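[1] This is the structure alone, sequence omitted:
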């Protein structure tokens, strides 16, 4: 069965969701996500099975600026921040942890960024890790720390594009 | 520069100078406001206690000895020079801050990356590593 998420649906029971690790992630989906959707601040995607919320992630647009730019570099770079997509939250219900749900949510997120990058400029993919364990997971995928915080990590969108294009090429009939 | 930044001592520690006449040690409390430069005398009874004395400086006493007065005058000249250097530094910092604001408009809410790392990632995005490639291949 193809794994896919659905756009945020407020009719899904969100109060029962418990990631067991960070109360802020439970509170967000239960109380804040509806507001952010209404105001177009961020988009949340849910993984639902038999009406039960198994996991979710939230993404929003973000910007990256460079530090310590030399005069030469300043001449080459645009005078505005570079566009990025931020994975601001990702959570899996504690009853579903250890079953690969988080990995599949990540894959869904990358697939979505790949689609977005075909229509608008996305230089970087940013993630906000909730703790060092999560940051270590992202580093294993190739993310690097930013100067903003050790828990704000970045990956070049070009890396994801290369990965998906290689898969598409491999799947084409010869 | 804010009033708070001007009034608070620098966090880099205090320079320690040896006074020529008495051989005692003095230190300068440097703040953002160069007019607030203070000369503080410290005593060093034992080397192990030196750091503790640095944190609890003692006010300069009025000197009566001529040799001490002369050395104090030399020191005041040195202090004056230091004040000028401090002022030049402060001017430089204010100028740099102004330039950053002009160039980046507003850093709040933005993710900051080292330009070298950002350029490398943009110009030569790395191939997905094995972990990432396996994740992308999930169905």
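    Here it is on my side, so go on. What you see is a predicted model, and the numbers here were worked out from it, not measured in a lab. Numbering: from 1, shown residues only, chains lettered A, B, ... in the order given.

[2] What strand or helix carries residue A:170?
    Assessed by DSSP states H and E, residue A:170 sits inside helix A:157-171.

[3] distance between that helix and the chain's centre?
    Relative to its parent chain, helix A:157-171 has a centroid offset of 18 Å by C-alpha atoms, centre = their mean, to the nearest Å.

[4] Now do that helix, average pLDDT.
    The average pLDDT within helix A:157-171 is 94.

[5] same thing with stretch A:67-77?
    Here the average pLDDT along stretch A:67-77 is 66.

[6] With stretch A:103-115 instead?
    On average, stretch A:103-115 scores 96.

[7] That stretch and chain B, are they touching?
    Yes. Counting by C-beta under 8 Å from any C-beta of the partner chain, contacts between stretch A:103-115 and chain B involve A:103-104, A:106-107, A:110. C-beta coordinates here come from the backbone N, C-alpha and C atoms, glycine included.

[8] How about stretch A:130-150?
    Yes. Contact of stretch A:130-150 with chain B (C-beta under 8 Å from any C-beta) involves A:140-142, A:144, A:146-148.

[9] Contacts only, for residue A:104.
    Shown in contact with residue A:104 (C-beta atoms under 8 Å, 6 or more residues apart in numbering or on different chains): A:3, A:47, B:138.

[10] Go through those residues and give me the one with the most neighbours.
    residue A:47 (22 neighbours; other C-beta atoms under 10 Å in any protein chain shown).

[11] Can you give me the distance of it to residue B:137?
    19 Å (C-beta to C-beta, to the nearest Å).

[12] Point me to the residue of chain B nearest chain A.
    The nearest approach of chain B to chain A comes at residue B:125, 2.8 Å away (C-beta to the nearest C-beta).

[13] Could you verify my assumption that that residue touches residue A:162?
    Yes. If you go by C-beta atoms under 8 Å, residue B:125 and residue A:162 touch, sitting 6.6 Å apart.

[14] now the residue of chain A found nearest chain B: how far from residue A:133?
    Among all residues of chain A, residue A:158 sits closest to chain B, at 2.8 Å; criterion: C-beta to the nearest C-beta. Using C-beta to C-beta, residue A:158 is found at 27 Å from residue A:133.

[15] Show me which of these two is the more surrounded one.
    residue A:158 (19 against 9).

[16] dump the residue contacts of the more buried one.
    B:121-122, B:125.

[17] between those residues, which has the most around it?
    residue B:121 (21 neighbours).

[18] per-residue confidence for residue 40?
    Since no chain was named, I'll use chain A. At residue A:40, the pLDDT recorded in the model is 95.

[19] Hmm, no, I was thinking of chain B.
    62.

[20] now residue B:59
    pLDDT for residue B:59: 53.

[21] now residue A:21
    For residue A:21, pLDDT reads 88.

[22] Just the ones in helices from the residues of stretch A:103-115 next to chain B, please.
    A:103-104, A:106-107, A:110 (DSSP state H).

[23] I'd like the contacts of residue A:158 as a markdown table, with pLDDT and secondary structure appended.
    Formatted as a markdown table, the contacts of residue A:158 follow (pLDDT from 0 to 100; DSSP: H, G, I helix; E, B strand; the rest coil):
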| residue | pLDDT | secondary structure |
| --- | --- | --- |
| B:121 | 91 | helix |
| B:122 | 89 | helix |
| B:125 | 94 | coil |
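
[24] returning to what we had before: out of the contacts of residue A:104, which is nearest to residue A:171?
    residue B:138 (13.7 Å; C-beta to C-beta).

[25] Look up the closest residue to the closest one, ignoring the ones flanking it.
    residue A:107 (4.6 Å; C-beta to C-beta, 6 or more residues apart in numbering or on different chains).

[26] Contacts only, for the one you found.
    Contacts of residue A:107 (C-beta under 8 Å, 6+ apart): A:3, B:135-136, B:138.

[27] which two in the residues you listed are spaced the farthest apart?
    By the measure C-beta to C-beta, A:3 and B:136 form the most distant pair in those, at 13.0 Å.

[28] circling back: ok, the contacts of residue A:104 vs residue A:123, which is closest?
    Within those, the smallest distance to residue A:123 is 24.8 Å, found for residue B:138 (C-beta to C-beta).

[29] what secondary structure does the residue nearest to residue A:19 when sequence neighbours are not counted sit in?
    In this structure, residue A:19 finds its nearest non-sequential neighbour in residue A:91, 4.2 Å apart by C-beta to C-beta, 6+ apart. Judged by DSSP: H, G, I helix; E, B strand; the rest coil, the three-state class of residue A:91 is strand.
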